[in-house]
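Trainee: just a sequence and a predicted model for now, questions to come.
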Amino acid sequence: MPSESLSIIGQPMDFEITQFAAIQNIASATTRVNFTFPAFNNLSLPVVINSWITWNSAGEISQYDVVFKWFGHLFQTLIASVGGSTEEASKEIVDKLANSICNTHTKHCSGSNAQYESRDECYRFITENIRVGQSFELGMNTLMCRSVHELMVKYRPEVHCSHIGPTGGGQCDDSTTYVERVEEALDQNSPWIAKSI
């Protein structure tokens, strides 16, 4: 579905499942998804995504884990596609993404969901007070993290507006150490082991 937001994620177009395994309510797949990246001159690139998903008895997804393979290389390829020096390309992308995030904030984050006093405050904060981030910093105090969360703001502003705000809303901040991140218990519903095994 097309979005008016610009993002480092891009828009999925078509896909091919290259590997798949399932048992009971657990499925794992490797999927090659062709993305178009509007923020990067509509460049189209394939992206490999590994996923694990569990379902509950109502057929709803109860937990998932998704990994974008070679994301660092993808991000370098996207920056290079803009042209010019890496510094010039990075500056252009920061401007586009910051404008997109601030437009989303202006449109969807009002009242108790507002994170910035004005659009100018939003733009200054995003371009001057936080780093762009590296490929492994999608859950840290970065522009990249806010770009990912921006896509969700219009669906649940009460949850996601804080994620694009100055504090990061517990999702885009540097409070979690490397060891805490590695040892975090992400899988709340059940282990990734079928019950009959």
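Mentor: Received the coordinates, thanks. Numbering: from 1, shown residues only.

Trainee: which residues does the helix or strand where C161 lies contact?
Mentor: Using DSSP states H and E, C161 sits within helix 157-164. Here helix 157-164 makes contact (CB atoms under 8 Å, 6 or more residues apart in numbering) with 101, 104-105, 108-109, 113-115, 145-146, 149-150, 152-153, 168-172. C-betas here are computed from N, CA, C, even on glycine.

Trainee: same deal with stretch 69-87?
Mentor: By CB under 8 Å, 6+ apart, stretch 69-87 touches 8, 37, 39-41, 43, 45, 47-50, 68, 88-90, 92-93, 134-136.

Trainee: filter these down to just the ones in strands.
Mentor: F37, L43, L45, V47, V48, I49, N50, F68 (DSSP state E).

Trainee: top helix in the chain by residue count?
Mentor: helix 86-108 (DSSP state H).

Trainee: could you point out which element follows that one?
Mentor: Helix 86-108 is succeeded, C-terminally, by helix 119-124 (DSSP H and E).

Trainee: what about that following helix, average pLDDT?
Mentor: Average pLDDT, helix 119-124: 97.

Trainee: please name the residues that touch the nearest residue to N42 once chain neighbours are set aside.
Mentor: In this structure, N42 finds its nearest non-sequential neighbour in T36, 5.7 Å apart by CB to CB, 6 or more residues apart in numbering. For T36, the contact set (CB under 8 Å, 6+ apart) comprises G10, Q11, M13, N42, L43, S44.

Trainee: now do the phi/psi pair for the fourth one.
Mentor: Summarising the backbone geometry of N42 under the convention degrees, to the nearest 10, its torsions are phi 60, psi 30.

Trainee: could you say which helix or strand holds V182?
Mentor: Using DSSP H and E, the element containing V182 is helix 178-183.

Trainee: quick one: residues in contact with that helix.
Mentor: G139.

Trainee: from the middle of its chain, how far away would that helix be?
Mentor: 19 Å (CA atoms, centre = their mean, to the nearest Å).

Trainee: coming back round to it: if any of the ones in strands among the contacts of stretch 69-87 are buried, give me the PyMOL selection for them.
Mentor: The PyMOL selection below is limited to those of the ones in strands among the contacts of stretch 69-87 classed as buried (16 or more other CB atoms under 10 Å):
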select buried, resi 37+43+47+49+68
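
Trainee: with adjacent residues omitted, what lies nearest to M144?
Mentor: G133 (3.9 Å).

Trainee: pLDDT weak spots in the protein?
Mentor: 1-6, 186-197 (pLDDT under 70).

Trainee: tell me the angle the one helix or strand M152 maps to makes with helix 157-164.
Mentor: Element membership of M152 [criterion: DSSP H and E] is helix 143-153. Computed by axes from the mean of the first three to the mean of the last three CA atoms, to 10 degrees, the angle separating helix 143-153 from helix 157-164 equals 170 degrees.
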